[in-house]
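J.: whatever this is, show me its structure:
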Amino acid sequence: MKLYKTLVFKRYLKNYYNLKSKHSFNSLYFLILKILFEKFITNILQALTFNKLLIYLIKKYNLIFSIKSISIENKILLEKTWSKYNQINEISVENKKIIDELNKKGYSYLGKIFSNEECEKFEKSLKGKYFFNSQQPLQSDGKKYLYNKDIKEYDFSYACFLPSDFINFNSLKIFLEKNKELFREYLCFDPQIYSSLTWINSQSKEEHYVHKLHRDYDDYKFLTIIINWTRSSKDNGATRYLEGSHNSNNNDGNKIYFGGDEGSVYIANLYGLHSGTPVKGNRRISTWIRLGHLVNPGSLQDGLVTAP
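T.: Residues are numbered from 1 along each chain as shown. Here you go, the predicted structure:
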């Protein structure tokens, strides 16, 4: 696993400059220094219990990478009091139940949103498109592969498509437009899609680091939409989530799997503890769409490569 992580980091360094958006940091080394500095300040002030000073500095100097080291208690306080994350206070009656569930459990199941026919059309729409052979483009070998045959023939556990290949799929656009107020009311500001990827996962004996429980440190507030274009289950690639862990360090929460029939959709706070699961059966096709501020720790670290 250590050797694998070393390989991923080397690929990241190489691909950042080749794939990054012009709106991201020109210097990767400056970005790394900024992350390390903000983590250092956060760790020191928390160790000294200077929490009020820390929160003041984070807000005043927009130390967004502090999210990587902040305690859950301080994180919750910041997301409730930092004005950039609290621009809207109204919650409509039709969205209240879902938002309450998100706040309590960390996720909400929206049901089967896309028909079987729409799911088949989505998969067909990927034919002739190019993909990267990793979970993230920056972690791939940097080459683009044409998707015009069975993914198994490539012997890759991940095929990753950029948003330009799927974000304008008509049924997906209708879904996003229909639910934009829900996303806006949950996040309490006008969100943008800052990252979106579609994956095709096939059977693999490879132990991937995302199969270990972890948090995503994209920002103090963000929301992820998870779409299963093929049937998914705990034995076939469904994301595992610890209920309530978005607000707690307790690892004893109920284990929930974001599985279901093709066309099923979940929305989740992936600051909560979660992991991928191996694909043991037929290939899995899924799309993740992340909503929040366009420029945030997650998008900057990815060079805004996965922003539409």
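J.: where do the helices of the stretch 101-250 of the chain begin and end?
T.: 116-125, 170-178, 180-187 (DSSP state H, counting those that start in this stretch).
J.: most tightly packed of these?
T.: The highest average neighbour count among the helices of the stretch 101-250 of the chain, using mean count of other Cβ atoms under 10 Å, belongs to helix 180-187 at a mean of 18. Every residue, glycine included, has its C-beta placed from N, CA and C.
J.: most residues in a single helix of this structure, which one?
T.: Using DSSP state H to define each element, the chain has its longest helix at helix 28-47.
J.: where does the chain dip in pLDDT?
T.: 1-7, 149-154, 204-207 (pLDDT under 70).
J.: show me the strands in it, by range?
T.: 107-112, 130-131, 145-146, 158-161, 192-201, 223-228, 240-242, 255-257, 264-268, 274-275, 284-292 (DSSP state E).
J.: Y56: which of the ones you listed is closest?
T.: strand 284-292 (23.0 Å; Cβ to Cβ).
J.: I'd like the helices of the stretch 101-250 of the chain laid out as CSV, including distance to H246.
T.: Below are these laid out as CSV (distance: least, Cβ to Cβ, whole Å):
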stretch, distance to H246
helix 116-125, 29
helix 170-178, 23
helix 180-187, 12
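J.: how about the strands of the chain in CSV, adding mean neighbour count and distance to R11?
T.: Below are those laid out as CSV (neighbours: other Cβ atoms under 10 Å; distance: least, Cβ to Cβ, whole Å):
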stretch, mean neighbour count, distance to R11
strand 107-112, 17, 31
strand 130-131, 21, 15
strand 145-146, 14, 15
strand 158-161, 23, 13
strand 192-201, 23, 16
strand 223-228, 23, 24
strand 240-242, 21, 26
strand 255-257, 17, 30
strand 264-268, 22, 27
strand 274-275, 20, 21
strand 284-292, 22, 20
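J.: for those strands, give me TSV that also has distance to I174.
T.: As requested, the strands of the chain are exported to TSV (distance: least, Cβ to Cβ, whole Å):
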stretch	distance to I174
strand 107-112	14
strand 130-131	25
strand 145-146	29
strand 158-161	20
strand 192-201	15
strand 223-228	13
strand 240-242	26
strand 255-257	27
strand 264-268	13
strand 274-275	27
strand 284-292	14
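J.: go through these and name the closest to L33.
T.: The nearest among the strands of the chain, by Cβ to Cβ, is strand 192-201 at 22.5 Å.
J.: what strands line up against the closest one, and which way round?
T.: Strand 192-201 pairs in its sheet with strand 158-161 (antiparallel), strand 284-292 (antiparallel), by DSSP bridges.
J.: who touches the first one?
T.: Contact partners of strand 158-161, identified using Cβ atoms under 8 Å, 6 or more residues apart in numbering, comprise 126, 129-137, 140, 145, 147, 151, 197-202, 208.
J.: quick revisit: how about the longest helix of the chain: buried residues?
T.: Neighbour-count burial for helix 28-47 flags L28, L31, K34, I35, E38, K39, I41, T42, L45, Q46 (criterion: 16 or more other Cβ atoms under 10 Å).
J.: excluding covalently adjacent residues, which one is nearest to the third one?
T.: Put plainly, it is K34. Once flanking residues are discounted, K34 sits nearest to F65: 6.4 Å by Cβ to Cβ, 6 or more residues apart in numbering.
J.: that neighbour against L33, yeah?
T.: No. Here F65 does not reach L33: they are 10.6 Å apart, not a contact under Cβ atoms under 8 Å.
J.: which residues are common contacts for these two?
T.: Counting by Cβ under 8 Å, 6+ apart, nothing touches both F65 and L33.
J.: and the closest residue to Q135 other than its chain neighbours, how far is that from L138?
T.: Leaving aside its sequence neighbours, Q135 sits nearest to Y158 (Cβ to Cβ, 6+ apart; 5.0 Å). Note on Y158: its distance to L138, by Cβ to Cβ, to the nearest Å, is 13 Å.
J.: do the same with L77
T.: Where L138 is concerned, L77 sits at a distance of 32 Å (Cβ to Cβ).
J.: so which of those two has more stuff around it?
T.: L138 (23 against 15; other Cβ atoms under 10 Å).
J.: next up, the contacts around the more buried one.
T.: Counted by Cβ under 8 Å, 6+ apart, L138 has contacts R11, Y12, N15, Y16, L19, D302, G303, V305.
J.: contacts only, for the fifth one.
T.: For L19, the contacting residues are P137, L138, G142, G303, V305, taking Cβ under 8 Å, 6+ apart as the criterion.
J.: in JSON lines, list the residues you listed along with distance to I256.
T.: Converted to JSON lines, these look like this (distance: Cβ to Cβ, whole Å):
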{"residue": "P137", "distance to I256": "28"}
{"residue": "L138", "distance to I256": "29"}
{"residue": "G142", "distance to I256": "35"}
{"residue": "G303", "distance to I256": "32"}
{"residue": "V305", "distance to I256": "30"}
